[in-house]
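**Q** Quick check, what structure comes out for this input:
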Amino acid sequence: MACVNADGTITETARSLLKILESPLSAEEIAARLALPLFRVRSSLREMAEAGLILSQGDDFVISGEGRKKI
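**A** Prediction:
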(Lines give C-alpha, C1' and ligand atoms only; values in the text may rest on other atoms or scores of the structure.)
Protein backbone atom coordinates (compact mmCIF):
# COMPACT_ATOMS: atom_id res chain seq x y z
CA MET A 1 0.00 0.00 0.00
CA ALA A 2 1.52 3.29 -1.05
CA CYS A 3 1.36 5.98 1.62
CA VAL A 4 3.47 8.65 -0.03
CA ASN A 5 2.50 9.72 -3.51
CA ALA A 6 5.06 10.60 -6.19
CA ASP A 7 4.37 14.31 -5.67
CA GLY A 8 5.14 14.04 -1.92
CA THR A 9 1.55 14.17 -0.72
CA ILE A 10 0.26 11.43 1.55
CA THR A 11 -2.80 9.19 1.37
CA GLU A 12 -5.72 9.38 3.77
CA THR A 13 -4.55 6.15 5.42
CA ALA A 14 -1.12 7.68 6.00
CA ARG A 15 -2.74 10.82 7.41
CA SER A 16 -4.82 8.72 9.83
CA LEU A 17 -1.73 6.81 10.91
CA LEU A 18 0.24 10.00 11.53
CA LYS A 19 -2.58 11.51 13.59
CA ILE A 20 -2.54 8.66 16.13
CA LEU A 21 1.24 8.77 16.59
CA GLU A 22 1.33 11.72 18.99
CA SER A 23 2.43 9.20 21.59
CA PRO A 24 4.58 6.16 20.78
CA LEU A 25 2.66 3.08 19.60
CA SER A 26 3.70 -0.35 18.40
CA ALA A 27 2.71 -1.71 15.00
CA GLU A 28 0.21 -3.99 16.73
CA GLU A 29 -1.40 -1.07 18.60
CA ILE A 30 -1.61 0.96 15.40
CA ALA A 31 -3.25 -1.94 13.54
CA ALA A 32 -5.82 -2.35 16.31
CA ARG A 33 -6.65 1.36 16.49
CA LEU A 34 -7.01 1.73 12.73
CA ALA A 35 -8.66 -1.67 12.21
CA LEU A 36 -6.10 -2.57 9.54
CA PRO A 37 -4.22 -5.82 8.97
CA LEU A 38 -0.83 -5.86 10.69
CA PHE A 39 1.02 -6.58 7.42
CA ARG A 40 -0.43 -3.39 5.88
CA VAL A 41 0.54 -1.33 8.90
CA ARG A 42 4.11 -2.69 8.89
CA SER A 43 4.44 -1.93 5.18
CA SER A 44 3.13 1.59 5.73
CA LEU A 45 5.47 2.15 8.66
CA ARG A 46 8.49 1.11 6.58
CA GLU A 47 7.52 3.45 3.76
CA MET A 48 6.78 6.35 6.08
CA ALA A 49 10.02 5.86 8.02
CA GLU A 50 11.99 5.92 4.75
CA ALA A 51 10.21 9.19 3.87
CA GLY A 52 11.13 10.67 7.27
CA LEU A 53 7.52 11.00 8.43
CA ILE A 54 7.85 8.80 11.50
CA LEU A 55 10.59 7.80 13.91
CA SER A 56 11.28 4.44 15.50
CA GLN A 57 11.69 4.29 19.28
CA GLY A 58 12.55 0.67 19.96
CA ASP A 59 9.45 -1.30 18.99
CA ASP A 60 7.30 1.83 18.95
CA PHE A 61 6.77 4.57 16.39
CA VAL A 62 6.08 8.28 16.75
CA ILE A 63 5.41 11.12 14.31
CA SER A 64 8.42 13.20 13.23
CA GLY A 65 8.56 16.94 12.63
CA GLU A 66 8.32 16.27 8.91
CA GLY A 67 5.27 14.08 9.52
CA ARG A 68 3.59 16.87 11.49
CA LYS A 69 3.96 19.14 8.45
CA LYS A 70 1.98 16.63 6.36
CA ILE A 71 -1.08 16.64 8.60
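
**Q** pLDDT on stretch 42-55, on average?
**A** Taken as a whole, stretch 42-55 has a mean pLDDT of 92.

**Q** For stretch 22-40, give me every contacting residue.
**A** Residues external to stretch 22-40 that are found in contact with it (Cβ atoms under 8 Å, 6 or more residues apart in numbering): 1, 13, 16-17, 20-21, 41-42, 45, 57, 59-63. Where you see a C-beta, it was placed from the backbone N, CA and C, and this is true even at glycine.

**Q** right, and Leu45 touches Phe61 too?
**A** Yes - if you go by Cβ atoms under 8 Å, Leu45 and Phe61 touch, sitting 5.8 Å apart.

**Q** Pull up the overlap in contacts between these two.
**A** Taking Cβ under 8 Å, 6+ apart as the criterion, Leu45 and Phe61 both touch 27, 30, 54.

**Q** Could you check how far the closest residue to Gly67 other than its chain neighbours is from Ser64?
**A** Nearest residue to Gly67 in three dimensions, chain neighbours excluded: Leu53, at 3.7 Å (Cβ to Cβ, 6 or more residues apart in numbering). From Leu53 over to Ser64 the distance is 6 Å, taken as Cβ to Cβ, to the nearest Å.

**Q** Same drill for these two, tell me which one is more crowded.
**A** Each of Leu53 and Ser64 has its neighbours counted (other Cβ atoms under 10 Å); Leu53 has more, 27 against 18.

**Q** Ile71 and Ser16 touch, don't they?
**A** No - the criterion here is Cβ under 8 Å, and Ile71 misses it with Ser16 at 9.3 Å.

**Q** Need the residues touching each of these two.
**A** Here Ile71 and Ser16 share no contacting residue, scored by Cβ under 8 Å, 6+ apart.

**Q** re earlier: so which of the shared contacts of Leu45 and Phe61 belong to strands?
**A** Applying DSSP state E to the shared contacts of Leu45 and Phe61, the entries found in strands are Ile54.

**Q** Adding distance to Gly8 and neighbour count, write the shared contacts of Leu45 and Phe61 out as CSV.
**A** As requested, the shared contacts of Leu45 and Phe61 are exported to CSV (distance: Cβ to Cβ, whole Å; neighbours: other Cβ atoms under 10 Å):
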residue, distance to Gly8, neighbour count
Ala27, 24, 17
Ile30, 22, 21
Ile54, 15, 23
